[in-house]
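J.: Next comes the sequence, and after it the predicted model I'd like to discuss.
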Amino acid sequence: MQLLVGRLRCSCKNDGCDWQGPFDGLAAHYTSCNYRLVSCDNSAMGCPRKVAFGLMGQHLGRCEYAAVACQYCSQVVPKCKMNDHIKMYCGASPDHIIDCPEGCGGKVLQSDMKKHISQDCQAHVVPCTYQEFGCVYRGARSTIQTHCLKEVPAHMFLMSENLHVRDVAINEMKAFLKEFTVQVEKMQVFFGEAQEQSARDKQAMALQLAQSEARTSAVEAAVEKRLAEFQQSVFKIGKGVEKMQATVDGHTWELHKMVQDPMRIATASAVAFSAPQSPVLSSKPDQATSSTKIPPIAAARLQASAIMSPSILKKVRTTKYKMR
Ligand SMILES: [Zn+2]
Ligand SMILES: [Zn+2]
Ligand SMILES: [Zn+2]
Ligand SMILES: [Zn+2]
Ligand SMILES: [Zn+2]
């Protein structure tokens, strides 16, 4: 009988599974059936879903209870609870909603708390609206309106007092402004004069510069002129030296010839002595007669000295050319 039951064919009851087999194998199939329902892997994070074993991967990809780390405090929170965490529990988030520390009972975003306290919080202690006119009352923001309604006469008195004080202050300010204007005008005049003086100084300097340049040019021109003159004179001296050299050379040659040939000297002397216009001989006749006693070579030398007279030199030369 048991054998017969074991061979009966049956099917899997899990949704979607089309397994069929003998009853003996059914229990083993259920432990491995891909369509058996199991708890979500994120059940510890709070996911209540039961998922077919074979579809777990697909579900985890979109499970709202996936573990996510908070970007402000790094605490691991289920994905679907992150907004609540940031607003209600995360102390590091600017979007964290907190109770007003002033005790107004309000819940405010952490990032908006300063603005709430300075502008809206009814529990925050503030001065009276008429503080600038002298009221010294301070109280919770919620009490200011009542205070102002109650203290209208006192506030009016303070304002009239204050207007008087302001008039005085305005008059003082006007006087100061007047004095200030005078000082500014004086400064303007001073700066104007300083500018004019500066312009004059500039002009004078330019003039001096021009004059000094002119003087320098004049000196340069004079120096150049003197230099040119000097060069000219050096050139002239050079020419003179050349001429003198030529003359000396000529005389040396003549002397040499005379010493070599006393006969011609004698002839030249005779011609020279007979020349009535010779200034050397006409002025010294005694020396001429005494010259006969001097030896021939010495005489020739003496005569050579007489050749310094141009006319004698000319005659000696004429003689020399005739002999060639
Ligand atoms: Zn199955
Ligand atoms: Zn899940
Ligand atoms: Zn956080
Ligand atoms: Zn508040
Ligand atoms: Zn007041």
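T.: Received the coordinates, thanks. Ligands and ions are numbered 1, 2, ... in the order given.
J.: residues from the chain in reach of ligand 1?
T.: 12, 14, 17, 19, 33, 35 (C-beta under 5 Å from the ion). Placement of C-beta: from N, CA and C, glycine included.
J.: What sits closest to the fourth one if chain neighbours are left out?
T.: The shortest distance from Trp19 to any residue other than its chain neighbours is 4.0 Å, reached at Cys12 (C-beta to C-beta, 6 or more residues apart in numbering).
J.: List the contacts of the one you found.
T.: 18-20, 26, 29-30, 33, 35 (C-beta atoms under 8 Å, 6 or more residues apart in numbering).
J.: got it, and Cys90?
T.: By C-beta under 8 Å, 6+ apart, the residues touching Cys90 are 70, 72-73, 75, 96.
J.: how about the residues of this structure that lie near ligand 4?
T.: Counting by C-beta under 5 Å from the ion, the residues of the chain close to ligand 4 are 100, 102, 104, 106, 121.
J.: burial count for the residue lying closest to the third one once chain neighbours are set aside?
T.: Counting by C-beta to C-beta, 6+ apart, the nearest residue to Cys104 once its immediate chain neighbours are dropped is Ala123, at 3.9 Å. Applying other C-beta atoms under 10 Å, we find 15 residues neighbouring Ala123.
J.: Next one: whichever strand or helix holds Thr181, is it in contact with ligand 5?
T.: Element membership for Thr181, per DSSP states H and E: helix 152-260. No: residues of helix 152-260 contacting ligand 5 under C-beta under 5 Å from the ion: none, with a closest distance of 5.9 Å.
J.: name the helices or strands packed onto that helix?
T.: helix 262-274, helix 296-306, helix 310-323 (3 or more C-beta pairs under 8 Å, 6 or more residues apart in numbering; DSSP states H and E).
J.: rank these by mean pLDDT and give me the bottom one.
T.: If the helices and strands packed on helix 152-260 are sorted by mean pLDDT, helix 310-323 sits at the bottom with a mean of 48.
J.: for whichever residue of the stretch 151-300 of the chain sits closest to ligand 2, phi and psi?
T.: Relative to ligand 2, the nearest point of the stretch 151-300 of the chain is Glu151 (64.9 Å; C-beta to the ion). Glu151 has phi and psi values of phi -110, psi 30 when expressed as degrees, to the nearest 10.
J.: Now do the same contact list for it.
T.: 128, 135, 137.
J.: got a winner among those for most neighbours?
T.: Cys128 (21 neighbours).
J.: Next one: it from His155, what distance?
T.: Using C-beta to C-beta, to the nearest Å, we find Cys128 at a distance of 8 Å from His155.
J.: where do the contact lists of those two overlap?
T.: Going by C-beta under 8 Å, 6+ apart, residues that sit against Cys128 and also against His155 are 135, 148.
J.: host element of Cys73?
T.: Per DSSP H and E, there is no helix or strand for Cys73.
J.: doesn't His96 make contact with it?
T.: No: Cys73 lies out of contact with His96 (C-beta atoms under 8 Å); the separation is 9.6 Å.
J.: Pick out whichever of the two has more residues nearby.
T.: Set Cys73 next to His96 and count neighbours by other C-beta under 10 Å: His96 wins out with 20 against 15.
J.: quick one: the more buried one from Ala206, how far?
T.: His96 is 78 Å from Ala206, by C-beta to C-beta.
J.: same deal with Thr247?
T.: 62 Å.
J.: thinking again about what came up before, which PyMOL command selects the buried ones in the contacts of Cys12?
T.: Those of the contacts of Cys12 that count as buried under 16 or more other C-beta atoms under 10 Å are selected in PyMOL with:
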select buried, resi 19+26+29+33+35
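J.: So which of the contacts of Cys12 belong to helices?
T.: Among the contacts of Cys12, the members found in helices (DSSP state H) are 26, 29-30.
J.: list the contacts for the closest residue in space to Val126 that isn't next to it in sequence?
T.: Once flanking residues are discounted, Val126 sits nearest to Arg141: 5.2 Å by C-beta to C-beta, 6+ apart. By C-beta under 8 Å, 6+ apart, the contact list for Arg141 reads 121-126.
J.: Distance to Glu64 and secondary structure added to those, as CSV?
T.: Formatted as CSV, the contacts of Arg141 follow (distance: C-beta to C-beta, whole Å; DSSP: H, G, I helix; E, B strand; the rest coil):
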residue, distance to Glu64, secondary structure
Cys121, 37, coil
Gln122, 40, coil
Ala123, 39, coil
His124, 41, coil
Val125, 46, strand
Val126, 46, strand
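J.: Select from these the one having the most neighbours.
T.: Cys121 leads the contacts of Arg141 on contacts (other C-beta under 10 Å) with 23 neighbours.
J.: distance of it from Cys100?
T.: On the measure of C-beta to C-beta, Cys121 and Cys100 end up 6 Å apart.
J.: overlap in contacts of these two?
T.: By C-beta under 8 Å, 6+ apart, the residues touching both Cys121 and Cys100 are Gly106.
J.: hang on, the earlier thing: make a markdown table out of the contacts of Cys90 and add pLDDT.
T.: Listed next are these as a markdown table, based on pLDDT from 0 to 100:
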| residue | pLDDT |
| --- | --- |
| Cys70 | 95 |
| Tyr72 | 92 |
| Cys73 | 93 |
| Gln75 | 95 |
| His96 | 91 |
